[in-house]
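In: following is a predicted model, sequence given first.
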Amino acid sequence: MNEFAHLVSRPSRQIDYQTFDNRLLAYVLRYEPSFLTCMSCGGCTATCSAGKLTDFNIRRIGLMLRRGQTDKLAAEIDKCMFCGKCSLVCPRDVNIRNVVLLIKKESTRLHAENQKV
Amino acid sequence: MEKEQKHVAVIGAGIAGLHTANLLAQSGHKVTILEKEKYPGGHLNQWHHLFPDHSSPEWIISGLLDEQLQFDHLKMISSTEITSIEKNNGHFAINAGNELRIYADAVVISTGFKLFDARQKEEYGYGLFKNVITSADLEQSLKSGQPLTTASGKTPSRVAFIHCIGSRDAKCGNTYCSKVCCITGVKQALEISEMLPETEIFCFYMDLRLYGSKFDDLYLQAQKKHKIQFIRGRLSEAAETHDKRLQIKAEDTLSGRPLRMEVDMIVLLAGMEKNEAHQMFSSTKLLELDEHGFFKSKNIQLTRNETTQPGIFIAGTCICPMSVNETIENAGAASILVNRYLEHQQLTNHHE
């Protein structure tokens, strides 16, 4: 039994900006610069077809992308049905559907090149 | 040297125009106010109570009108719409609908704002569902003195306020913040809660912009005393149920989950837009408009009330969205700049 549980190293819960993985973010912004203007109002999530049935949260996808938390992103966007309603309600006129498409494209490419996503 | 009396035309008899006109008349200038409606007072005539003190706007309008009576050289012409303004040799000729032509040494534009037409946000159902109303409709209902009811006459058990209607919304072309709607919503929520203590009230917001003095006091009061609930999330749509209630969809962004709620009534907090009158001034290249269609100031820091055309001044919400007290302050500032301009004109004319 380990009496010094506090010494056991656990994965940190902190968002580490030092190790920020911005590869996906940079790619998305290059082709969909409107993504910069998201203010996390959640209108997209409210209307999301996939979010009604699964734990998919389209607003969070954007947030994870912007915070460099890209490890679970590729699996997450597989839940998107590309209905495009998110783009229709967005008050900042972000083409959210395209953001998801770009994440999918770039993460697939990175996978194909055996790079860690 | 005897001072020659100058003539100022003030366009629009809302509170900005009335206050500017009074101050200019007090400085000895001859003033003519032109108002397109039958009665002065503008939007405030339809408003019940003001934030943050829940005072009635009636005494502001009547106070300004009473003050007018002491000036023989101040005149108001109502039911008169301007068709054009020309500038010749530093003076202005104003043409109005009924063959009226007025000459002035300076012009103050105080044409105010237009309330955003909430029907443009079709997904929220204004004009389609009877229990979706705007903040302006609610003021009229409160002003009537009748208890608030749904379209079928029932006391609403749950009311939702929706922030940012026609503001901060690229989909309707208004990317700016109308800034007074947040506090209007909190004020109205408090008033409904006072009137109907059993009614549950929710405010759906993106950011709460309670920027003014004492605005946060109302927010605190709304939370503490009235248990009004604030949910951070923008509505995606509202739909009518078979029993004429409304189902709304939003994301509770702080929980990160989609949210459904049935309410009896929705109040849309409509924003402020440019007045259509602005187009007339810009089409003749007399004045420049800013990127949102409001009048452009000569300098946004120092001379907010000066337009890009010397001799034409602006006051109130034709510059940008403003609260009532800001409008009054702004009108005061406008009168100072007009005075300075006319004094300078007097000096140069004298030396010529």
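Out: That came through, no problem.

In: switch to C-alpha atoms for all contacts and neighbour counts from now on
Out: OK.

In: packing partners of the helix or strand residue B:266 falls within?
Out: Applying DSSP states H and E as the criterion places residue B:266 in strand B:265-270. Here strand B:265-270 touches strand B:132-134, helix B:135-143, strand B:158-165, helix B:181-195, going by 3 or more C-alpha pairs under 8 Å, 6 or more residues apart in numbering or on different chains; DSSP states H and E.

In: correct me, but residue B:11 touches residue B:33?
Out: Yes: if you go by C-alpha atoms under 8 Å, residue B:11 and residue B:33 touch, sitting 5.9 Å apart.

In: out of the two, which sits in the busier spot?
Out: residue B:11 (29 against 25; other C-alpha atoms under 10 Å in any protein chain shown).

In: residue contacts, that one?
Out: Neighbouring residues of residue B:11 by C-alpha atoms under 8 Å, 6 or more residues apart in numbering or on different chains: B:17, B:33-35, B:107-111.

In: could you pull out the helices for chain A?
Out: A:23-31, A:43-47, A:49-53, A:58-66, A:73-77, A:85-89, A:96-112 (DSSP state H).

In: go through the ones you listed and name the closest to residue B:212.
Out: helix A:43-47 (27.2 Å; C-alpha to C-alpha).

In: then the worst-scoring helix or strand of chain B on mean pLDDT to PDB, C-alphas only?
Out: Ranking every helix and strand in chain B by mean pLDDT, DSSP states H and E puts helix B:277-283 at the bottom, with a mean of 83. Only the C-alpha atoms of helix B:277-283 are listed here, as PDB (Å, rounded to 0.1, in the frame of the first residue of the first chain):
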ATOM      1  CA  ALA B 277     -33.700  59.200 -42.000                       C
ATOM      2  CA  HIS B 278     -30.000  58.800 -42.000                       C
ATOM      3  CA  GLN B 279     -30.000  57.600 -45.600                       C
ATOM      4  CA  MET B 280     -31.400  61.000 -46.800                       C
ATOM      5  CA  PHE B 281     -28.400  62.800 -45.300                       C
ATOM      6  CA  SER B 282     -25.800  60.500 -46.600                       C
ATOM      7  CA  SER B 283     -27.300  60.100 -50.100                       C
END
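
In: buried residues in that helix?
Out: By neighbour count, with 16 or more other C-alpha atoms under 10 Å in any protein chain shown as the criterion, the buried positions of helix B:277-283 are B:277-279, B:281.

In: coming back round to it: of the contacts of residue B:11, which is the nearest to residue A:106?
Out: Nearest to residue A:106 among these, with distances taken as C-alpha to C-alpha, is residue B:111, at 52.2 Å.

In: format the helices of chain A as CSV; extra columns: distance to chain B, mean pLDDT and mean neighbour count.
Out: Output for those, formatted as CSV (distance: least, C-alpha to the nearest C-alpha, whole Å; pLDDT from 0 to 100; neighbours: other C-alpha atoms under 10 Å in any protein chain shown):
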stretch, distance to chain B, mean pLDDT, mean neighbour count
helix A:23-31, 19, 95, 17
helix A:43-47, 4, 97, 29
helix A:49-53, 7, 89, 16
helix A:58-66, 8, 93, 20
helix A:73-77, 15, 88, 17
helix A:85-89, 6, 96, 21
helix A:96-112, 14, 94, 18
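
In: show me where chain B has its helices.
Out: Ranges of helices in chain B, per DSSP H, are B:15-26, B:58-68, B:135-143, B:181-195, B:215-224, B:277-283, B:324-351.

In: residue ranges in the stretch 251-352 of chain B under the pLDDT threshold?
Out: Judged by pLDDT under 70, the stretch 251-352 of chain B has its weakly predicted residues at B:350-352.

In: okay, now the closest residue to chain A within it: neighbour count?
Out: Proximity of the stretch 251-352 of chain B to chain A (C-alpha to the nearest C-alpha) peaks at residue B:251, 4.7 Å away. By other C-alpha under 10 Å, 29 other residues sit near residue B:251.

In: check residue B:61 too.
Out: Residue B:61 has 21 nearby residues by other C-alpha under 10 Å.

In: excluding its backbone neighbours, what's nearest residue 40?
Out: This is for chain A. Leaving aside its chain neighbours, residue A:40 sits nearest to residue A:59 (6.4 Å; criterion: C-alpha to C-alpha, 6 or more residues apart in numbering or on different chains).

In: nope, chain B
Out: residue B:13 is the one closest to residue B:40 (C-alpha to C-alpha, 6+ apart), at 5.0 Å.

In: phi and psi next, for the one you found.
Out: Dihedral pair for residue B:13: phi -110, psi 40, per degrees, to the nearest 10.

In: contacts only, for it.
Out: B:33-35, B:40-42, B:110-111.

In: residue A:72 is nearest to which of the helices and strands packed on strand B:265-270?
Out: The nearest among these, by C-alpha to C-alpha, is strand B:158-165 at 33.2 Å.

In: identify the residues contacting the closest one?
Out: B:116, B:118, B:121, B:177-178, B:181-182, B:185, B:189, B:199-206, B:234-235, B:263-271.

In: just the buried members of these?
Out: B:116, B:118, B:177-178, B:181-182, B:185, B:189, B:199-206, B:234-235, B:263-271.

In: who does residue B:312 bridge with?
Out: residue B:107 (DSSP bridges).

In: quick one: residues contacting it.
Out: Residue B:312 neighbours (C-alpha under 8 Å, 6+ apart): B:106-109, B:306.

In: could I get the CA-only coordinates of stretch A:48-65 as CSV?
Out: Once non-C-alpha atoms are left out, stretch A:48-65 reads as follows in CSV (Å, rounded to 0.1, in the frame of the first residue of the first chain):
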residue,chain,number,x,y,z
CYS,A,48,-27.5,20.5,-33.2
SER,A,49,-29.1,17.3,-34.5
ALA,A,50,-26.4,15.1,-33.2
GLY,A,51,-26.3,16.8,-29.8
LYS,A,52,-29.9,15.9,-29.3
LEU,A,53,-29.1,12.2,-29.2
THR,A,54,-25.5,11.9,-28.1
ASP,A,55,-23.1,13.8,-25.9
PHE,A,56,-21.8,15.6,-28.9
ASN,A,57,-21.3,19.3,-28.2
ILE,A,58,-20.3,21.3,-31.2
ARG,A,59,-19.4,24.5,-29.2
ARG,A,60,-17.0,22.4,-27.1
ILE,A,61,-15.4,21.1,-30.3
GLY,A,62,-14.4,24.7,-31.1
LEU,A,63,-13.3,25.3,-27.5
MET,A,64,-11.1,22.1,-27.5
LEU,A,65,-9.6,23.2,-30.8
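
In: how many neighbours does the residue nearest to residue B:199 when sequence neighbours are not counted have?
Out: Nearest residue to residue B:199, sequence neighbours excluded (C-alpha to C-alpha, 6+ apart): residue B:157, at 4.6 Å. Neighbour count of residue B:157, defined by other C-alpha under 10 Å: 16.
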